[in-house]
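>>> Pasting a predicted model and its sequence here:
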Amino acid sequence: YQGARYALDEAELALLGVLRQDGRAGYPELARASGLSESTARRRLERLRERGAVYFDVEIIPEHLGFETDTSLLLTVPPARLAEVGAALGSHPEVPFAAAITGAANLLAVVLCRDTDALYTYLTERIGAVPGVGQVEVIPNLRTIKRAGMLVEDGRLVDPPPAP
């Protein structure tokens with residue numbers, strides 16, 4: 001099913017609205033919101049997961065786990081090596097997100113390190129060892145306001161506003 005279009009019905013939109021507010025919501029709550037029985041709500045959610053329309057992900061605040069340096073890297077890579085360099089960066093445990101982009105740079109990577117010394121080591125030893133990396137622009141993230149749909153205030157997650 002990957003890549004195939006899927007049209008959500010009203011019940012499925014209601015399920016997703018509840019999960020958007022609380023990814024831990026149980027089937028009774030999903031059933032109430034969607035007007036479905038619990039077993040039907042469960043089957044619908046499983047179908048959405050099987051089709052790749054829905055997946056569950058855990059979002060953490062890196063500072064809570066001791067990662068004090070949150071940085072974005074803009075890399076310039078020859079187009080013929082873009083996939084290879086992107087795959088290399090994607091395999092690094094320091095990189096939770098990497099994407100091909102357009103513009104002056106053509107690869108973006110988010111890098112999480114314990115501190116600036118660890119970032120320096122990552123840049124000089126790990127990035128420096130990847131063949132094909134031309135230029136690297138290092139952009140420190142000074143303050144995070146939102147992460148993957150969750151608002152962050154003073155280093156803690158806050159409830160998002162109600163869904164429309």
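Received the coordinates, thanks.

>>> Now P131: phi and psi?
Note on P131: its backbone torsions stand at phi -60, psi 140 [degrees, to the nearest 10].

>>> the strands in the protein, which residues?
69-75, 97-100, 107-113, 136-140, 146-147, 150-153, 156-158 (DSSP state E).

>>> looking at those, which is buried most?
Sort the strands of the chain by mean neighbour count, taking mean count of other Cβ atoms under 10 Å, and strand 107-113 sits at the top with a mean of 21. (Glycine included, C-beta is placed from N, CA and C.)

>>> and that one, what does it pack onto?
For strand 107-113, the elements it packs on are strand 69-75, helix 82-90, strand 97-100, judged by 3 or more Cβ pairs under 8 Å, 6 or more residues apart in numbering; DSSP states H and E.

>>> If we use 6 Å, what do you get?
If you count contacts as 3 or more Cβ pairs under 6 Å, 6 or more residues apart in numbering; DSSP states H and E, strand 107-113 packs onto strand 69-75, strand 97-100.

>>> could you dump those to TSV with mean pLDDT and distance to L107?
Listed next are the helices and strands packed on strand 107-113 as TSV, based on pLDDT from 0 to 100; distance: least, Cβ to Cβ, whole Å:
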stretch	mean pLDDT	distance to L107
strand 69-75	96	4
strand 97-100	94	6
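
>>> For G17, which of these is the nearest?
Ranking those by proximity to G17 (Cβ to Cβ) places strand 97-100 first, at 25.6 Å.

>>> Quick check: which ranges of this structure have low pLDDT?
Residues of the chain meeting the criterion pLDDT under 70: 1-3, 147-164.

>>> which stretches of it form helices?
Applying DSSP state H to the chain gives helices spanning 10-21, 27-34, 38-50, 82-90, 116-121.

>>> For the residue lying farthest from the centre of the chain, give me its contacts.
Within the chain, S37 marks the point farthest from the mean C-alpha position, 31.6 Å out by Cα atoms, centre = their mean. Listed by Cβ atoms under 6 Å, 6 or more residues apart in numbering, the contact partners of S37 are A31.
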